[in-house]
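Q: Prediction below, plus the sequence it came from.
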Amino acid sequence: MAVLRRHLYQRTEGADEDRWRLVFDTDINRLFVEHEETRGDMRGAGYSTHTDEMDLAAFLGEHGQGQSELLQLLGALFDDRNSASGLNDEKRPR
């Protein structure tokens, strides 16, 4: 299984850490956001790690820095594509 991951955003508060990644599973052609939460100090008894998957629409329905990072990344993809083709929305044939 080939899985491509790109870091979106990371938040750290004390010993707690949250990471969001844009993930593409090439085997099933699925694009989603992966959220990994780590709670507690690794040396302590309360340490845990949990990973969740979210559809893009559900992730973008929330508001925060991670969503802003994803929107920037998507915007850059389309800007690069438009620049390479010499087209923008106004010039693109309909």
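A: Nice, thanks for sending it over. Computed from a prediction, not measured in an experiment: that's the story for all the values here.
Q: what does the lowest-mean-pLDDT helix or strand in the chain contact?
A: Ranking every helix and strand in the chain by mean pLDDT, DSSP states H and E puts helix 65-85 at the bottom, with a mean of 82. With contacts defined as CB atoms under 8 Å, 6 or more residues apart in numbering, helix 65-85 is touched by 6, 8-9, 11, 20, 22, 33, 56, 59-60, 88-89. Bear in mind the C-beta positions are built from the backbone N, C-alpha and C, glycine included.
Q: can we see that at 7 Å?
A: 8-9, 20, 22, 59-60, 88 (CB atoms under 7 Å, 6 or more residues apart in numbering).
Q: Just the buried residues of it, please?
A: By neighbour count with 16 or more other CB atoms under 10 Å, helix 65-85 contains the buried residues 66-67, 69-70.
Q: and what of stretch 26-34?
A: 32-34.
Q: just stretch 30-47 next, same as before
A: Here stretch 30-47 shows 32-35, 38 as buried, counting by 16+ other CB under 10 Å.
Q: export those residues to a markdown table and tack on secondary structure and pLDDT?
A: What follows is the buried residues of stretch 30-47, written out as a markdown table (DSSP: H, G, I helix; E, B strand; the rest coil; pLDDT from 0 to 100):
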| residue | secondary structure | pLDDT |
| --- | --- | --- |
| 32 | strand | 96 |
| 33 | strand | 95 |
| 34 | strand | 96 |
| 35 | strand | 95 |
| 38 | strand | 91 |
